[in-house]
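Student: Fold the stuff below for me.
(chains A and B)
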Amino acid sequence: MKNRSLLKITGLFLFFAILCAACTIPFYFESPSIYYKTGMDKLMLRSGKIFGIITVVFLLFQPVLIGRFSLLDRIFTIKKLFQFHKTNAMILLVTAVIHPILILGADHFVFFSFESKYWPEFIGVFLLILLLPFIVISFLQKKLGLNYKTWRMLHKIIAPFIFILMFIHVTNVSRSFESGWPFYLLSAAGLITIFLFIRKYLSSKTIHHFFSGFTHQGSCLIL
Amino acid sequence: MKQPFKVLAIFALCFFASTAFAYQWNVDDDHSEIRFEVRHIHTTVSGQFSDFKGDIFFKPDDLDQSKFNFTIKVKSVNTHNGKRDNHLRSKDFFNSEKYPEMAFNSSKITHIKNNRYSLEGMMTIKDVTKKMNFEFLFFNPQAHPFDKKKWVAGFKTVFVIPRLDFKVGNGKFLKMGVVGKDVSVEISIEALRKK
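Tutor: Next comes the predicted model:
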């Protein structure tokens, strides 16, 4: 029991250590846009970037929490992990909304003109538009009368797109993530996420059913 | 009922009288540019305003009736760096939300020598209007190589705008030694008119 509590604390410590380390990126890997900001504008731009990074970290932890890892299940229990998954979603939604407000605030709310050179920013806007109903519908699934299986299927289909868009947005919108350690760490996190998604999809019952049906049909054909 | 027609007729007469002596030229947007350069620490950053309109009435023999009126959309600034362009549009520089256009209206044109002319007029950037004087070159009209029904003429000018005089920036980047105070502007216009 004592050992489980210690592991729980270690797990939480690890999460916050990663979160704090990621939040130092706008300080140690400053992008040129920060150089030209002073006073309140600088504070807003840096804070905006930090909120964006917090969103990314919380997002990256989402598949870990529902990954059904036996070690994590034993330490935190499945119920708690799913609860964390839900709380994380709410936190990342709030940080995702704050992120563009602060970034635009640093430029006195001058909106990007509709030009191709702002495509990474528009990917971010699209991501937010996608993320907002994705999370809100998940919370209101029962109230909206949405069938659990339908919701689960939609959740599984849309989630990888959110990660792909997030990766494209982050690596192209900020110079901090264009190269060096932030890029390598984000790429590594991206690869782990891909692995987690593949693992999750392969282990899901629907896939099992699909494959079993396929094998059955296949065997029928052979027969 | 006859009164409005009289006013209209007088107005039309004045309008045609003023333009009849000076040729009206239409700016060829595809071959005309408003470029600028400004010092950045040791180097020079260049950019352009892609969205502008120009009313050009010019005839070398009738400079009194000639005029150049330009309006430029500030949002069209392009320095090939999206973040810098947005910063230029912000309150730190142009404040494009409040002052979406810059304008130049000429008041006097004089001939200097050969194809060199002097242009005097009022430049408005943000809420500052100042008298400015600069030289321009006029390239004689010739038949357009691709459209023989049209004349094509050229105008070119290079001048310097002290940006802080027009409140483009408050001087903090100048004090930091980052952005220079003088902006070199080059306007190159190809203008067309029917033969």
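
Student: How much space separates residue B:85 from residue B:74?
Tutor: If you measure residue B:85 against residue B:74 using C-beta to C-beta, to the nearest Å, the figure is 11 Å. Every residue, glycine included, has its C-beta placed from N, CA and C.

Student: Would you tell me which residues of chain B are close to chain A?
Tutor: Counting by C-beta under 8 Å from any C-beta of the partner chain, the residues of chain B lying close to chain A are B:75, B:80, B:82-87, B:89-92, B:95-97, B:172-173, B:178.

Student: Show me which of these are buried.
Tutor: Among the residues of chain B next to chain A, those buried by neighbour count (16 or more other C-beta atoms under 10 Å in any protein chain shown) are B:75, B:82-87, B:89-92, B:95-96, B:173.

Student: Among those, which lie within helices?
Tutor: Counted as lying in helices by DSSP state H, out of these, are B:82-87, B:89, B:173.

Student: Farthest-apart pair in the residues you listed, please.
Tutor: Among those, the pair separated by the greatest distance (C-beta to C-beta) is B:82 and B:173, at 18.8 Å.

Student: Chain B: helices as residue ranges?
Tutor: Counting by DSSP H, chain B forms helices over residues B:2-20, B:82-89, B:172-175, given from the N-terminal end onward.

Student: Not counting stretch A:144-161 itself, show me its contacts.
Tutor: A:62-63, A:130, A:134, A:137-138, A:141, A:197, A:201, A:204, A:206 (C-beta atoms under 8 Å, 6 or more residues apart in numbering or on different chains).

Student: Could you give the average pLDDT over that stretch?
Tutor: Throughout stretch A:144-161, pLDDT has a mean value of 91.

Student: How much space separates the spatially most central residue of chain A from residue B:124?
Tutor: Against the mean C-alpha coordinate of chain A, by C-alpha atoms, centre = their mean, the closest residue is residue A:59 at 2.0 Å. Going from residue A:59 to residue B:124 by C-beta to C-beta gives 48 Å.

Student: do residue A:77 as well
Tutor: Residue A:77 sits 69 Å away from residue B:124, taking C-beta to C-beta as the criterion.

Student: next one: residue A:113
Tutor: Relative to residue B:124, residue A:113 is positioned 22 Å away (criterion: C-beta to C-beta).

Student: before we move on, what about residue B:93?
Tutor: For residue B:93, the distance to residue B:124 under the criterion C-beta to C-beta works out to 16 Å.

Student: for residue A:127, same thing?
Tutor: From residue A:127 across to residue B:124, the span is 41 Å (C-beta to C-beta).

Student: So which of these two has more stuff around it?
Tutor: Relative neighbour count places residue A:127 above the other of residue A:127 and residue B:124, with 23 against 17, counting by other C-beta atoms under 10 Å in any protein chain shown.

Student: pretty sure the more buried one is in a strand, no?
Tutor: No - remark: residue A:127 does not belong to a strand; assigned using DSSP: H, G, I helix; E, B strand; the rest coil, it is helix.

Student: Verify the stated contact: it with residue A:167.
Tutor: No - distance between residue A:127 and residue A:167: 10.3 Å, which falls outside the contact criterion (C-beta atoms under 8 Å).
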